[in-house]
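> Fold the following.
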Amino acid sequence: MERLQKEKEEIDRIAHKHVRRVLWSGLGSLSVVTILFFRLTFWEFSWDVMEPIAFFGTTGGLIVGYLYFLVTSRDPTYQDFMKRLFHRRQRKLCKKRKFDVDRFLALQKQCKSSLDSKRDLEALIGDSS
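Below you'll find the predicted structure:
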């Protein structure tokens, strides 16, 4: 059980690292777009040229968020997106490493059940004395 627990923790750690990389990449992309719009608005063109571009860029972002909602039936929040990325990466890593999640959960439940039984027995013995 310990070996499986360590392997599961390693898979979770790698999946979490992947999600953090994706989120940081998203922040970097948004920063680049903002700097690009700033540069184009104040140096290359004027607001009259950039206003429709900014409008359609923002509208495109809203459409992507709405499309995410339609496809997943979930709110387009960062927490939900992060959970979905984490679970997707976790499943891929489990498949790649041939880690049987169902077996792990069954063993974990069995161990928890035996620990609960032991605690119940100790409580019963403690109460009767």
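> can you give me the strands for the protein?
For the chain, applying DSSP state E gives no strands.
> For the longest helix along the chain, buried residues please.
Looking across the chain with DSSP state H, the single longest helix is helix 2-39. Applying a neighbour-count criterion of 16 or more other C-beta atoms under 10 Å, one finds 8, 11, 15, 18-19 buried in helix 2-39. Glycine gets a C-beta too; all of them are placed from N, C-alpha and C.
> cool, stretch 40-50 as well?
Buried-residue list, stretch 40-50, by 16+ other C-beta under 10 Å: 41, 50.
> Distance from that stretch to the middle of the chain?
37 Å (C-alpha atoms, centre = their mean, to the nearest Å).
> So what would you say the end-to-end distance of that stretch is?
End-to-end distance for stretch 40-50: 7 Å, by C-alpha to C-alpha, to the nearest Å.
> List of residues touching that stretch?
Contact with stretch 40-50 is made by 37, 53-54, as judged by C-beta atoms under 8 Å, 6 or more residues apart in numbering.
> Nothing else from me, thank you.
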